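Q: What shape does this take:
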Amino acid sequence: MAIAIALILLVIGTVLFHFLSPWWFTPIASNWQMMDDTVHVTFWVTGIVFVAVNLFLAYAVIRYRHRAGGEKAHYEPENKKLEWWLTIVTSVGIAAMLAPGLSVWAKFVTVPDEAAEVEVLGQQWNWSYRLPGKDEALGKTDIRFVSIDNPFGMDPGDQAGQDDVLVASPELHLPLDKPVKMLLRSKDVNHQFAVPQFRVKMDVVPGMVTYFWLTPTRTGSFDALCEQLCGMAHFAMRGRVVVDEQKDYDTWLAAQPTFSKTQAELTGNAETGKTLFATCTTCHGAQAEGNRELNAPKLSGQGKWYLAQQLRDFRNGVRGTHENDIYGKQMAPFAAMLADDTAIRDVVEYIASLEEARPPASVLGDPERGKTLYATCANCHGTQGQGIWATNAPRLANMSDWYMQRQMQNFREGIRGKHPQDFRGAQMASMAKVLADEKAISDVLDYVHTL
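A: Okay, here's the model as predicted:
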């Protein structure tokens, strides 16, 4: 009897929880209302079966419970009439769930002729995007061409790709009420691109291009997620899709670089950079060796791509604007003295030419314990702390440990990584919490100093 009561309460509680629950679909922002309708059909079919089966079980437990001197169970191994009924009812239920889904899927991959194309490129643990240029055609790509200077793997010999628009940021903009075909490509492992408000998701598979289409129906900013377990930082692989009015979209698009422009701006002028760096020497030193007394970290030996990225972030207000980032606020106006990306490239090129010295250890801990804790960090920063551009992870080995200690604390406390455009900082803020306390940070940094 207790089992029967438990089954009845389970049914009542489940139904009440569903209808009274505050968790439901996010407001839809695309043309795929059919996705919601299909889920609703599935819910009603499975919900009715769940209620019917469990109430029948409760009825059977009560009706056929043991009674002293009661009827004995009748063994009937086959009942063709019952089996036919069960087969028919089950088939109807399965068809009711599958048919709408197949119909929606057919429409999901049948792209309208007028749809524009956008390529989504997935990698551990970042999204980037590519759009056709004025010729309205995407150029050829090949994984063989992927490098630090050509992260999209563009074929340099294909003229159709020279005007392709490259969006290195995880933020993509789309125009309102215009259909768009999303082409999905991976550089490493399986990912899955999903935007819940659009009701779209699709696997991103190495070696092939998958696709779907949608029409954004309201302006706003929507999270882009990876919903395929793709590695250590899978949970932090987030992007953003912003739907704009046409005028705002055109403004954003015009500010994005083409492939030919990125290739023309690969190398800076070290001689020009030497002049620009003269101001920086006051804090960072003549050889960019860093100065702890002036809160200036070592720059020499750091990856050029990372130095350029951070200078742009300071200049654009992505870093150095948090009220508690005292030293970041000091750096921001100096970065603003570099007038444009050309100046940044020149300074970085000069820093790369400087002779590198090994800084002394100033953060002491337990390096053996730190070696164990560093195993997580190695997934991005490399086993020798050398830094890996593909995972947006800077070099750690032979850099200022006191500076890294402060930045870890800033990430953990939300001082760094909170700006809406600091996607890479937000990832690091999540990963920094893997280290439970200051001792763990000290242990890791003491181990890093041995690399």
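Q: Now do the SS call for the residue of the chain most remote from its centre.
A: Computed with C-alpha atoms, centre = their mean, the residue of the chain farthest from its C-alpha average is Gly69, at 66.6 Å. Using DSSP: H, G, I helix; E, B strand; the rest coil, the secondary structure recorded for Gly69 is coil.
Q: now the helices for the stretch 251-400 of the chain?
A: 259-264, 270-277, 281-284, 304-315, 326-335, 341-353, 367-381 (DSSP state H, counting those that start in this stretch).
Q: export the ones you listed to JSON lines and tack on mean neighbour count and distance to Arg406?
A: Any C-beta I mention is one placed from the backbone N, CA and C, and that applies to glycine too. Shown next, in JSON lines, are the helices of the stretch 251-400 of the chain (neighbours: other C-beta atoms under 10 Å; distance: least, C-beta to C-beta, whole Å):
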{"stretch": "helix 259-264", "mean neighbour count": "15", "distance to Arg406": "33"}
{"stretch": "helix 270-277", "mean neighbour count": "17", "distance to Arg406": "23"}
{"stretch": "helix 281-284", "mean neighbour count": "16", "distance to Arg406": "15"}
{"stretch": "helix 304-315", "mean neighbour count": "19", "distance to Arg406": "14"}
{"stretch": "helix 326-335", "mean neighbour count": "16", "distance to Arg406": "8"}
{"stretch": "helix 341-353", "mean neighbour count": "20", "distance to Arg406": "21"}
{"stretch": "helix 367-381", "mean neighbour count": "17", "distance to Arg406": "17"}
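Q: which one of the ones you listed lies closest to Asp155?
A: helix 259-264 (9.7 Å; C-beta to C-beta).
Q: which stretch among the helices of the stretch 251-400 of the chain comes nearest Leu9?
A: helix 367-381 (43.7 Å).
Q: and the helix or strand following that closest one, which residues are buried?
A: Sequence-wise, the next helix or strand downstream of helix 367-381 (DSSP states H and E) is helix 401-413. By 16 or more other C-beta atoms under 10 Å, the buried positions in helix 401-413 come out as 401-408, 410-412.
Q: can you check stretch 415-433 too?
A: For stretch 415-433, by 16+ other C-beta under 10 Å, it's 415-419, 421-429, 431-432.
Q: Please parse this protein into its domains.
A: 2-63+81-108, 116-257, 267-357, 360-451 (automatic domain parsing).
Q: Serialize the ones you listed to TSV and add fields for mean pLDDT and distance to Tyr75.
A: Output for the domains of the chain, formatted as TSV (pLDDT from 0 to 100; distance: least, C-beta to C-beta, whole Å):
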stretch	mean pLDDT	distance to Tyr75
domain 2-63+81-108	89	14
domain 116-257	93	48
domain 267-357	91	74
domain 360-451	91	59
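Q: I'd like those domains as CSV, with distance to Ala73 appended.
A: Shown next, in CSV, are the domains of the chain (distance: least, C-beta to C-beta, whole Å):
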stretch, distance to Ala73
domain 2-63+81-108, 11
domain 116-257, 47
domain 267-357, 72
domain 360-451, 57
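Q: list the contacts for the residue nearest to Lys433 when sequence neighbours are not counted?
A: Of all residues not flanking Lys433 in the chain, Arg412 sits nearest, at 6.2 Å (C-beta to C-beta, 6 or more residues apart in numbering). Applying C-beta atoms under 8 Å, 6 or more residues apart in numbering to Arg412 gives the contacts 429, 432-433, 435.
Q: swap in Gly122?
A: Gly122 sits in contact with 184-187, 191, 193, 204, 226, 230, where contact means C-beta under 8 Å, 6+ apart.
Q: So it: helix, strand or coil?
A: Under three-state DSSP, Gly122 comes out as strand.
Q: Can you name the residues bridging to it?
A: When bridges are called by DSSP bridges, Gly122 pairs up with Trp127, Ser186.
Q: Can you give me the distance of it to Trp213?
A: Distance, Gly122 to Trp213, by C-beta to C-beta, to the nearest Å: 18 Å.
Q: One more: Met428?
A: From Met428 to Trp213 the distance is 34 Å (C-beta to C-beta).
Q: One more: Arg369?
A: Taking C-beta to C-beta, one finds Arg369 at 51 Å from Trp213.
Q: follow-up on the earlier one: which of the helices of the stretch 251-400 of the chain sits closest to Ala60?
A: Nearest of those (C-beta to C-beta): helix 367-381, 51.8 Å.
Q: and that closest one, what does it pack onto?
A: On a contact count with 3 or more C-beta pairs under 8 Å, 6 or more residues apart in numbering; DSSP states H and E, helix 367-381 meets helix 423-432, helix 438-448.
Q: Could I get those helices in CSV, plus columns for distance to His74?
A: Output for those, formatted as CSV (distance: least, C-beta to C-beta, whole Å):
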stretch, distance to His74
helix 423-432, 61
helix 438-448, 67
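Q: Let me know which of those helices is the nearest to Thr321.
A: Of the helices and strands packed on helix 367-381, nearest to Thr321 by C-beta to C-beta is helix 423-432, at 12.0 Å.
Q: quick one, that closest one and helix 304-315 angle?
A: 100 degrees (axes from the mean of the first three to the mean of the last three C-alpha atoms, to 10 degrees).
Q: got a list of contacts for helix 423-432?
A: Counting by C-beta under 8 Å, 6+ apart, 125-126, 169-171, 233, 235-240, 309, 318-319, 376-377, 380, 392, 408, 411-412, 414, 416-419 sit against helix 423-432.
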